[in-house]
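Peer 1: model the following, please.
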Amino acid sequence: MSEPQDLSETILDAAKSPQSMSVDGQTVTERSLTELIEAQRFLDRKKSASKSPFGRLFRVNRPGPLG
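Peer 2: Numbering: from 1, shown residues only. Purely as a prediction, here's the structure:
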C-alpha cells in the first residue's frame, strides 16, 4: 500500500470541478467533498498518532470516585 498523502490538492480540485459529468453516454462521478475531508482528517490523525509512541499507550487513572 502506498504512503499516506496530503489530500488538500485533491480537495481543492474537487471543489473547483463538478461532482458528476456525462460525455458520450459515459458518466464519471467523483467522491463528495465530505468524503475527501474525512479521509484527510483520518490521515492527519493517523500521522499524528504515529509521531508519539506514548500517545495511546497510557491512560491516567486517578484515585478516588472519579477515576
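Peer 1: surely Glu38 is in a helix?
Peer 2: Yes: under DSSP: H, G, I helix; E, B strand; the rest coil, Glu38 sits within a helix.
Peer 1: can you report how many residues lie near it?
Peer 2: 12 (other CB atoms under 10 Å). For every residue, glycine as well, the C-beta is placed using N, CA and C.
Peer 1: ok, it to Ile11 distance?
Peer 2: 11 Å (CB to CB, to the nearest Å).
Peer 1: quick one: buried residues of the helix or strand that contains Ala49?
Peer 2: Taking DSSP states H and E as the criterion, Ala49 maps to helix 33-51. Buried residues in helix 33-51, counted by 16 or more other CB atoms under 10 Å: 36, 40.
Peer 1: and it, how far out from the chain middle?
Peer 2: From the chain centre to the centre of helix 33-51 is a distance of 3 Å (CA atoms, centre = their mean, to the nearest Å).
Peer 1: what packs against that helix?
Peer 2: helix 8-16 (3 or more CB pairs under 8 Å, 6 or more residues apart in numbering; DSSP states H and E).
Peer 1: CA atoms only for the helix it packs on, dumped as CSV, please.
Peer 2: In CSV, the C-alpha atoms belonging to helix 8-16 read as follows (Å, rounded to 0.1, in the frame of the first residue of the first chain):
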residue,chain,number,x,y,z
SER,A,8,-5.5,19.1,0.2
GLU,A,9,-4.8,19.5,-3.6
THR,A,10,-7.3,16.8,-4.4
ILE,A,11,-9.9,18.5,-2.2
LEU,A,12,-9.2,21.9,-3.9
ASP,A,13,-9.5,20.3,-7.4
ALA,A,14,-12.8,18.6,-6.4
ALA,A,15,-14.2,21.9,-5.1
LYS,A,16,-13.5,23.6,-8.4
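Peer 1: thanks again, I'm all set now.
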